[in-house]
Structures are given as C-alpha cells and as structure tokens.
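> Next come a sequence and a model predicted from it.
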Amino acid sequence: MPLLQEMTWPRVEAALRRSDLVVVPIGSTEQHGPHLPLATDFLVAAHIAKRVGERLEAVVAPVLPFGYAPYHLDFAGTITLDEATLRAALLQLCRSLLRHGARHFLVVNGHGGNTASAESVALELAGQGALCAVSQWWELARELNPAWGHGDFSHAGVVETAVVLAICPEACDLAALRPTTLTPLSANIRSEYASRFRFGKGTVSVRVPMRRLSATGNLGEVDPALATSELGREILESIVDYLVAFGKEFATVPTGG
C-alpha cells in the first residue's frame, strides 16, 4: 500500500472501502542534542507508520512534521506550533478522511509534547462516529523491553539514538556527542527526566525550558557503543509487530457511528 500522497483519489477511495483504518504519523521539528537531526521525531513516526500501513494494507496519511515543542526553542532550528494549532491540524486531517470513509485512526506519535493534543482529538472523534488510538513508540519500547539501551529511553538517549541510526544513519553525528548532567532545581529537588523532578521519595512535574536541564539538549548518558543500528532495528521490528497486531484487532472494533 503506497502512502496517501502517492495515490490517486480513485485508489484512495478503493483503499478506504477495503479498510477504514488510517495510520497517522505525527512528530516534531526540534533539537535532539548535538548528534541527532531536528527531524528525529517525525522521521521515526513516519518510518513506523509506513511499515505498519504496508502490513495492514491500510492508508498512511502524510506525516505532520511539526508539534508542540516550545521548551526546545532555546536551541537553534526548533519549530513549534501552539497546542491549539496542533490539535486543529490533526483534527482537520482526521475529519477530512472521515468524510471519505475512514472510521478507525491509529496515530503513531513521535513526540511527547503532542500527547495531550492527540488524545483530545481522539476523544472528539469518538463523538463523531470514529475511533482513534494514540501510540507513542518510546513508551511501547520501554514496555516491550525495559532493558533496551540499559534503560535509557530519554530524549536523544541510547534508545532514540539507536532507532535513528537504523533509519537514517547519515543524519547522525556520534562524534559530536557530549556528556550531559541534568541540572537540579535545588539541593533537594533533582532532575529525574525532562519535567520530572525527585524530592524525597516522590516525584513532581515542573515544566522548564530544556536548556535549564541540559546544556547540550540531550538527556541521559549516551554511550555510542550502546546506541547501535542493530539495536535500533530490533526495537523497530518489535514496535511494528506490536502495532500491526493491535491494528488488526482495533480495525474490527465497532465505532458506534
């Protein structure tokens, strides 16, 4: 099954008659440390979505390459939409295809900042005769095998670096990697991951610009010896297998519309 943008309208019409499932990749254009490309989030989402769509024989929508990422704006090249714009774009994309026969949407999200908007869209579509599932590949990876990359699922960490190496190695610059140490908010409020800060036995969410946490933009200690293309391929295979199995069953769920 070719991508939606590569199809003629009669072929799209026929494809949606065969299956009303559409795979929708969304990502972001944002900094990923000194070693990964700005396209990381949408490259990974588009790659996974294409492979899932091929195996499910489902239409794959064009990737949304911009997301909600204002906390990365201190680093050159980052582009962000506000949440209302992102939500509106995703909703209109899905509504357009809903008009043409789509009833099940599988969002492949490549960026954590998009989660709230995507889930809000899913809820609205549920009231319009459709069902929308939102998947986040890094969360799936952690659940499928928490030991991958020595457990480093952080922003531009071992797992994300390995996946990009498997998809687009020419866009990576491992020689530019620099060690990073997360900056605490205070002596007893210490960075744990992105917006999560540990205080005593618990954690609290505090949203701050990424530059305040990390001078390089990447989180975690990335060891190039651990971030290999072989690891990336293993992770991608597992995620694709999972989403294909999910998609087959999800497409049979009554939408109520």
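Okay, I see it. Residues are numbered from 1 along each chain as shown.
> The stretch 1-150 of the chain: helices as residue ranges?
Secondary structure of the stretch 1-150 of the chain by DSSP state H, counting those that start in this stretch: the helices cover 9-18, 40-56, 83-99, 115-126, 137-144.
> Can you tell me which of those helices is most buried?
helix 40-56 (a mean of 24; mean count of other CB atoms under 10 Å). No exception for glycine: its C-beta is placed from N, CA and C like everyone else's.
> Please name every helix or strand in contact with that one.
strand 21-26, strand 59-60, strand 104-109, helix 137-144, helix 158-167, helix 229-250 (3 or more CB pairs under 8 Å, 6 or more residues apart in numbering; DSSP states H and E).
> Nearest to Ala166, out of the helices of the stretch 1-150 of the chain?
Set against Ala166 and scored by CB to CB, those come closest in helix 40-56, at 8.7 Å.
> That closest one to helix 229-250, inter-axis angle?
Interaxial angle, helix 40-56 versus helix 229-250 (axes from the mean of the first three to the mean of the last three CA atoms, to 10 degrees): 50 degrees.
> Now the residue nearest the centre of the chain: closest residue in space that isn't a chain neighbour?
Geometric centre of the chain, nearest residue: Gly110, 1.1 Å, by CA atoms, centre = their mean. For Gly110, ignoring the flanking residues on the chain, the nearest one in space by CB to CB, 6 or more residues apart in numbering is Ala45 at 3.3 Å.
> got it, and Asp173?
His35 (5.1 Å).
> so who does Asp41 touch?
27-30, 32, 67, 110-111 (CB atoms under 8 Å, 6 or more residues apart in numbering).
> one step back: Ala156 is nearest to which of the helices of the stretch 1-150 of the chain?
helix 40-56 (7.5 Å).
> what does the domain assignment say about this structure?
4-180+224-250, 182-214 (automatic domain parsing).
> low-confidence ranges in the stretch 151-257 of the chain?
Applying pLDDT under 70 to the stretch 151-257 of the chain flags the ranges 221-222, 224, 257.
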